[in-house]
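A.B. asks: dropping a prediction and its sequence here:
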Amino acid sequence: MNHFRHVWLMMLFSALVLPGFSQIAGTAHDFSTESWAPSTNRGCGVCHTTHQAVNIMSAPLWNHETTVVAGYTLYNSPTFDGSSTITDPGASSRLCLSCHDGTVALENFGGITSGTNYIDPSARIGGVSGNDLSTDHPISFEYTDALAVSDGGLFPPTTTNSGLGGTIDNDMLFAGKMECASCHDVHNKYGVAHLLRMSNVNSELCLTCHNK
């Protein structure tokens, strides 16, 4: 039984994680040459593991320490339609923030909690302190057809083609919410610069949702 479980875990790891590594090579998520990562575990292992994974439903075989920020300063603007509420980052976005809000060391994975290498403050979200999300595109709000109608400058997500094979709702939202991974693909599946899900030349990505 233990042998079967080991084989099953390896198969799951291969199916979920390994196919994307060749696409990650050369991107900002290619950790293969980073001095802060142990030489034996610089690839997928920074985020994923086959054994003793962190129990996070939204992240298969997760291996990295998650962000310690309890509450963020959220996006706030008079141009944001009040018919939807911005909440603290959802589960998938918190995984991104585990490195990108600068509160958790990059090498804090596989049980390590004493790392000293953090994302440079100038590269953090908003370029400010780790809990400030107020100056970037809002995330963790419900993007619905009702919001699109109320706002007047958005396409309805359940009927608008995302350009990725389905609708905005199906391809880009998480339980109906806009999150970091709505626009970014951590595994570089689409081969677009800055780990985007599609090119933003001539604002193509922006104009998927914004009716301008």
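C.D. replies: Perfect, I can see it now.
A.B. asks: show me the contacts for the nearest residue to C47 once chain neighbours are set aside.
C.D. replies: Once flanking residues are discounted, C47 sits nearest to H64: 5.3 Å by Cβ to Cβ, 6 or more residues apart in numbering. Backbone N, C-alpha and C define where each C-beta goes, glycine included. H64 makes contact with 46-47, 54, 95, 98-99, 104, 108-109, according to Cβ atoms under 8 Å, 6 or more residues apart in numbering.
A.B. asks: please apply the same query to G115.
C.D. replies: Taking Cβ under 8 Å, 6+ apart, one finds 36, 104-108 in contact with G115.
A.B. asks: can you check M172 too?
C.D. replies: Contacts of M172 (Cβ under 8 Å, 6+ apart): 157, 162, 164, 178, 182-183, 197, 208-209.
A.B. asks: of these, which belong to helices?
C.D. replies: 208-209 (DSSP state H).
A.B. asks: looking at the contacts of M172, spot the one nearest H29.
C.D. replies: R197 (14.1 Å; Cβ to Cβ).
A.B. asks: how near is that closest one to T50?
C.D. replies: R197 sits 27 Å away from T50, going by Cβ to Cβ, to the nearest Å.
A.B. asks: poorly predicted segments of the chain, please.
C.D. replies: Counting by pLDDT under 70, the chain has low-confidence residues at 1-22, 121-129.
A.B. asks: who's more crowded, R197 and T50?
C.D. replies: R197 (21 against 17; other Cβ atoms under 10 Å).
A.B. asks: run a quick neighbour tally on the residue nearest to that one when sequence neighbours are not counted.
C.D. replies: The spatially closest residue to R197, leaving aside those adjacent along the chain, is D185, at 5.0 Å (Cβ to Cβ, 6+ apart). Using other Cβ under 10 Å, D185 has 20 neighbouring residues.
A.B. asks: so D185 touches L195, yeah?
C.D. replies: Yes: if you go by Cβ atoms under 8 Å, D185 and L195 touch, sitting 5.8 Å apart.
A.B. asks: tell me the contacts of the residue nearest to R197?
C.D. replies: When contacts are counted by Cβ under 8 Å, 6+ apart, D185 touches 192, 195-197.
A.B. asks: how about F141?
C.D. replies: F141 makes contacts with 84-87, 177-178, as judged by Cβ under 8 Å, 6+ apart.
A.B. asks: how far away is it from W36?
C.D. replies: For F141, the distance to W36 (Cβ to Cβ) stands at 34 Å.
A.B. asks: do G152 as well
C.D. replies: 47 Å.
A.B. asks: between the two, which is the more surrounded one?
C.D. replies: Set side by side, G152 and W36 show more neighbours around W36, with 15 against 8, by other Cβ under 10 Å.
A.B. asks: and the strands in this structure?
C.D. replies: 141-142, 177-178 (DSSP state E).
A.B. asks: thanks again, I'm all set now.
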